[in-house]
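> with the input below, show me the fold.
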Amino acid sequence: MDQAFEVHMLNETGKEKARKIALAFDDLMTILKGDCGEGRELAIVRTKLEEACFFAKKAMAKQPENQI
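Down below sits the predicted model:
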């Protein structure tokens, strides 16, 4: 299977790292919402952060030490 489509089963360490990554992006979004207010631009920021969070978690999940 092409590596781009592989599934990575996380161990407990990996799950905790995934939670920490998600919380970091959530904290950033909270700050930005307070400083920028709602609107089209912030909606784009939210989409880009969601994409960045996905790829950060994928990069972490690819590490053997985070897998079952």
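
> now do the SS call for the most centrally placed residue in the chain.
The centroid of the chain falls nearest to Cys53 when counting by C-alpha atoms, centre = their mean (2.1 Å). At Cys53 the chain is in helix, as set by DSSP: H, G, I helix; E, B strand; the rest coil.

> the closest residue to it other than its chain neighbours: what's it in contact with?
Distances taken as C-beta to C-beta, 6 or more residues apart in numbering put Phe25 closest to Cys53, at 4.3 Å, once the chain neighbours are dropped. Bear in mind the C-beta positions are built from the backbone N, C-alpha and C, glycine included. By C-beta atoms under 8 Å, 6 or more residues apart in numbering, the contact list for Phe25 reads Leu49, Glu50, Ala52, Cys53, Ala56.

> any idea how far the residue nearest to the centre of the chain is from Met1?
24 Å (C-beta to C-beta, to the nearest Å).

> cool, Asn11 as well?
21 Å.

> have a look at the two and say which one is more surrounded.
Asn11 (12 against 6; other C-beta atoms under 10 Å).

> I figured that one hits Asn66, correct?
Yes: when contacts are counted by C-beta atoms under 8 Å, Asn11 is listed as touching Asn66 (6.3 Å).
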